[in-house]
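Asks: here is the input, now give the coordinates:
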Amino acid sequence: MIYITAIQMSGGNQHTHIANVMWLDGANGKADISSTEQMIEFIDKPNTVQIGGRQGPVIVAVIRTPGQKPFLRTHADKQWSDNLLALPRF
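Replies: Purely as a prediction, here's the structure:
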């Protein structure tokens, strides 16, 4: 399982401004950094990506809105949430 552990912002402080993500592979301990575009491609393959939440893992999803670049956002308790924005910055 891949877990996003930190984010890097560019040009603002909303989900659409997440430029890169730091991640950890829970299976083998490998850690790396990927651009948002690379992570979207990975999720689209399909693969599951999560972050650790207070109540347990939270799924990271790709949001596609007409006229905007796709971006990442978490979905917890049947609602879109800001858990990604609460992660540490690097």
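Asks: please enumerate the strands of this structure.
Replies: Along the chain, the stretches classed as strands by DSSP state E are 2-9, 18-25, 31-35, 49-53, 56-63, 71-76, 79-81.
Asks: okay if I get those as TSV plus mean neighbour count, mean pLDDT and distance to Ile43?
Replies: Using the backbone N, CA and C atoms, a C-beta is placed for each residue, glycine as well. As requested, the strands of the chain are exported to TSV (neighbours: other Cβ atoms under 10 Å; pLDDT from 0 to 100; distance: least, Cβ to Cβ, whole Å):
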stretch	mean neighbour count	mean pLDDT	distance to Ile43
strand 2-9	18	97	9
strand 18-25	18	97	11
strand 31-35	13	98	11
strand 49-53	19	88	6
strand 56-63	16	92	5
strand 71-76	19	93	8
strand 79-81	12	90	15
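Asks: so which of those strands gets nearest Phe90?
Replies: Closest approach to Phe90 among these (Cβ to Cβ): strand 2-9, 4.6 Å.
Asks: elements contacting the closest one?
Replies: When contacts are defined as 3 or more Cβ pairs under 8 Å, 6 or more residues apart in numbering; DSSP states H and E, strand 2-9 sits against strand 18-25, strand 49-53.
Asks: which elements pack onto the shortest one?
Replies: So that's strand 49-53. Under the contact definition 3+ Cβ pairs under 8 Å, 6+ apart, strand 49-53 sits against strand 2-9, helix 36-44, strand 56-63, strand 71-76.
Asks: kindly report the same for the longest one.
Replies: Contact partners of strand 18-25 among helices and strands, from 3+ Cβ pairs under 8 Å, 6+ apart: strand 2-9, strand 31-35, helix 36-44, strand 71-76.
Asks: the third one vs strand 49-53, what angle?
Replies: Put plainly, it is helix 36-44. Here helix 36-44 runs at an angle of 100 degrees relative to strand 49-53 (axes from the mean of the first three to the mean of the last three Cα atoms, to 10 degrees).
Asks: pull up the distance across stretch 13-23, start to finish.
Replies: Terminal residues of stretch 13-23 are spaced 19 Å apart (Cα to Cα, to the nearest Å).
Asks: likewise for stretch 47-67?
Replies: 25 Å.
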